[in-house]
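Enquirer: Sequence below, structure please.
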Amino acid sequence: MAIFKQPMTYREAYTKATDLCSRSEKCLFDLRQKCREWQLSMEESSKLIDSLMKGQFIDHERYATSFVNDKFRFNKWGKIKLTYILRQKHIEEKYIQNALSNLPEDSYHKVLLGLLSAKAKTIRETDSYTRKGKLLAFAQSRGFEVDIAIRIIAQM
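Expert: The predicted model follows:
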């Protein structure tokens, strides 16, 4: 027997959305998904999002900066992966570029060096060409630029 959730009322959704936005940055894409999840009508969803934007609960510039800082700091993602995900969430390019430009280059390189050093310890391959290829593939999977990864691998 399947249990179906009751659709949320506008008032309940507004309360829940403001609480959600107060705890962490959200973007329009995230909130539209929540509206579908809460089974709000299109009219109620639009009204909710308009209210949240007027109340400055949603700000894409603030969201992009927060997202980039958190994912870089905690997940150690590179600029390519960060850009890709923000684009998927329909964040404007100017906000993405602004948020990425605020990442300090020296810490960006230090994070990549740390990731590659840790990964190098786990690679059992003895052929240096294959080792470098695996390290480069790892750096790319984390969203780091190829040219930066190559320079850091060469330094190791």
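
Enquirer: what's the burial count for Lys89?
Expert: Lys89 has 17 neighbouring residues, counting by other C-beta atoms under 10 Å. Glycine gets a C-beta too; all of them are placed from N, C-alpha and C.

Enquirer: From Lys134, how far out is it?
Expert: 31 Å (C-beta to C-beta, to the nearest Å).

Enquirer: Put the alpha carbons of the longest helix seen in the chain into PDB.
Expert: When the chain is parsed with DSSP state H, its longest helix is helix 105-122. Provided in PDB are the C-alpha atoms of helix 105-122 (Å, rounded to 0.1, in the frame of the first residue of the first chain):
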ATOM      1  CA  GLU A 105      45.200  31.000  -6.500                       C
ATOM      2  CA  ASP A 106      47.800  29.900  -3.900                       C
ATOM      3  CA  SER A 107      45.200  27.900  -1.800                       C
ATOM      4  CA  TYR A 108      43.700  26.500  -5.100                       C
ATOM      5  CA  HIS A 109      47.100  25.100  -6.100                       C
ATOM      6  CA  LYS A 110      47.800  23.900  -2.500                       C
ATOM      7  CA  VAL A 111      44.500  21.900  -2.400                       C
ATOM      8  CA  LEU A 112      45.300  20.300  -5.800                       C
ATOM      9  CA  LEU A 113      48.800  19.500  -4.600                       C
ATOM     10  CA  GLY A 114      47.400  17.900  -1.500                       C
ATOM     11  CA  LEU A 115      44.900  15.800  -3.400                       C
ATOM     12  CA  LEU A 116      47.400  14.600  -5.900                       C
ATOM     13  CA  SER A 117      50.000  13.800  -3.200                       C
ATOM     14  CA  ALA A 118      47.400  11.700  -1.400                       C
ATOM     15  CA  LYS A 119      46.300  10.000  -4.600                       C
ATOM     16  CA  ALA A 120      49.900   9.300  -5.600                       C
ATOM     17  CA  LYS A 121      50.400   7.200  -2.500                       C
ATOM     18  CA  THR A 122      47.500   4.900  -3.500                       C
END
